[in-house]
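**Q** can't give you the sequence, but here's the structure:
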């Protein structure tokens, strides 16, 4: 009985270790995605600003 209990505890420790490693890996992926989103957002703002300076000011047509 004691041996069986020890095996179960060992199995739980192994599972816990794997889950901890997986959470660390997922956290790295999530952090990388957030960095990419921030960078893309900044690029988007920069491109919008550039486009707004290149395009003429749109005037409303008399029909509107």
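**A** Nice, thanks for sending it over. These figures come from a predicted structure and were not determined experimentally.
**Q** which element is residue 20 on?
**A** helix 2-54 (DSSP states H and E).
**Q** That helix packs against which elements?
**A** Under the contact definition 3 or more CB pairs under 8 Å, 6 or more residues apart in numbering; DSSP states H and E, helix 2-54 sits against no other helix or strand. All C-beta atoms are positioned from the backbone trio N, CA, C, and that covers glycine.
**Q** Make 695 the first number, not 1, from now on.
**A** Okay, using 695 as the starting number, the last item reads as helix 696-748.
**Q** Tell me how far it lies from the chain's centre.
**A** 7 Å (CA atoms, centre = their mean, to the nearest Å).
**Q** same deal with stretch 733-751?
**A** 24 Å.
**Q** Could you give the average pLDDT over that stretch?
**A** Averaging pLDDT along stretch 733-751 gives 90.
**Q** Could you do stretch 711-722 as well?
**A** pLDDT averaged over stretch 711-722 gives 98.
**Q** For it, buried residues please.
**A** Of all the residues in stretch 711-722, not one is buried under the rule 16 or more other CB atoms under 10 Å.
**Q** Quick check: residue 740 vs residue 746, distance?
**A** 11 Å (CB to CB, to the nearest Å).
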